[in-house]
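J.: Using only what follows, build the 3D model:
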Amino acid sequence: MNNYAQLESAFKGLLAALDHLEAACERRLKTDAEHANLEEEHAVLQDDRMRLALELDEVQARAKSLEQANGEVARRLAKASSTIRTILAHGSAPEP
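T.: Have a look, this model is predicted:
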């Protein structure tokens, strides 16, 4: 093989290596972009999770408050019902 053929062969090898390097760089850029998108999606999901956790805490506190109010209303209704029954039975309001 003469020098020209060796040089041409080496040049073709270099071009092939450059093609492989370019393909690897493109794959790496694509992977990095996908990774960045995943990190962004993860951050959005974390924000949503925190917001939903806060909303859940608020809803649970509101439910407890309503439950307590419901108990108080039930107690007052029972007392009023008892008073009404007494009035109907005796014709006058009971002594306080």
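J.: Kindly state the pLDDT recorded for H90?
T.: Looking at H90, its pLDDT is 85.
J.: And the residue positioned nearest the centre of the chain, how far from L18?
T.: With distances taken as CA atoms, centre = their mean, the residue of the chain nearest its centroid is R49 (3.0 Å). Using CB to CB, to the nearest Å, R49 is found at 46 Å from L18. Just so you know, the C-beta spots here come from the backbone N, C-alpha and C atoms, and that holds for glycine as well.
J.: Also T31?
T.: 20 Å.
J.: do the same with T83
T.: Counting by CB to CB, the gap from T83 to L18 is 96 Å.
J.: likewise K64?
T.: Noted for K64: a distance of 68 Å to L18, by CB to CB.
J.: cool, R62 as well?
T.: Remark: distance between R62 and L18 (CB to CB) = 65 Å.
J.: just E72 next, same as before
T.: Distance from E72 to L18, by CB to CB: 81 Å.
J.: One more: L52?
T.: Distance, L52 to L18, by CB to CB: 51 Å.
J.: what's the answer for A80, then?
T.: Taking CB to CB, one finds A80 at 91 Å from L18.
J.: need the helices for the protein, in chain order.
T.: 3-90 (DSSP state H).
J.: Can you list the low-confidence ranges for it?
T.: Along the chain, the parts satisfying pLDDT under 70 run over 1, 91-96.
J.: burial count for H90?
T.: 9 (other CB atoms under 10 Å).
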